[in-house]
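J.: Need a 3D model of the following:
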Amino acid sequence: MIYVRKDLKLKLLNEEPDSIVKKSIPQEPSSSRGKCGVSQPCPENHITFKMSSGAANVIAAKICLDGMFVIGGTSMTGGVGINIAVVNGQTGKLINADSFDMWGGDVKPLIQLLSSIQNGSLVLMASFDDPATRLDNEARTLISQLGSSYISSIGFRDNWVFVGGKGLKNINPLEK
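T.: Here you go, the predicted model:
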């Protein structure tokens, strides 16, 4: 379990399998403790999120935020390529969730979303099937500016999860 504390510093409490990341992020007090399949409730003034990459082209990526699947699960969002949830870093509220097909789609909508992310936002990304074929240097640069160090080497059918942010200080991105 990894927690993002109020000062947004990450502290590793125990490590999970490579394709699953569990975190909590600050928000207004909420009654949604222990959601998203996290075994322990998160500290007060935090919300829970859990994410997993997809497996090849068989098992879809999932991002759960405060007990609700915003990507995958029973939500109608999510798909092949790169799945993204953008979260307000102060309130923990979802700003946007979408998926971008990097095999048969166009990279321009992904670049538009990445360019529109505001300072203070947390960004959660999870791959499914092909996260890389259509990624160009501009998209890879924008993702690296959010804190990704793996994006330059992501390839076809790689499993990848990433949590970073824009304009956040004292936070170490998480990536597997």
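J.: Using the three-state scheme, assign Leu110.
T.: At Leu110, secondary structure determined by DSSP: H, G, I helix; E, B strand; the rest coil is helix.
J.: That one and Ile71: what is the separation?
T.: 14 Å (Cβ to Cβ, to the nearest Å). Every C-beta, even on glycine, is put in place using the N, C-alpha and C of the backbone.
J.: Same question for Gly78.
T.: From Gly78 to Ile71 the distance is 4 Å (Cβ to Cβ).
J.: all strands of this structure, in order?
T.: With strands called from DSSP state E, the chain shows them at 2-4, 10-12, 20-26, 46-52, 62-65, 68-71, 81-88, 94-100, 121-128, 161-166, 174-175.
J.: Next one: the residue lying closest to Lys35 once chain neighbours are set aside from Glu138, what distance?
T.: Spatially, and ignoring its direct neighbours in sequence, Lys35 is nearest to Gly67 (3.0 Å; Cβ to Cβ, 6 or more residues apart in numbering). Distance of Gly67 to Glu138, given as Cβ to Cβ: 35 Å.
J.: Nearest residue to the middle of the protein?
T.: Residue closest to the average C-alpha location in the chain (Cα atoms, centre = their mean): Leu124, at 1.4 Å.
J.: What residues are bridge-paired with that residue?
T.: For Leu124, the residues forming beta bridges with it (DSSP bridges) are Ala85, Val163.
J.: List the contacts of it.
T.: 49, 51, 63, 65, 84-87, 161-163 (Cβ atoms under 8 Å, 6 or more residues apart in numbering).
J.: now do Leu110
T.: In this structure, Leu110 makes contact with 82, 100, 102, 135, 139, judged by Cβ under 8 Å, 6+ apart.
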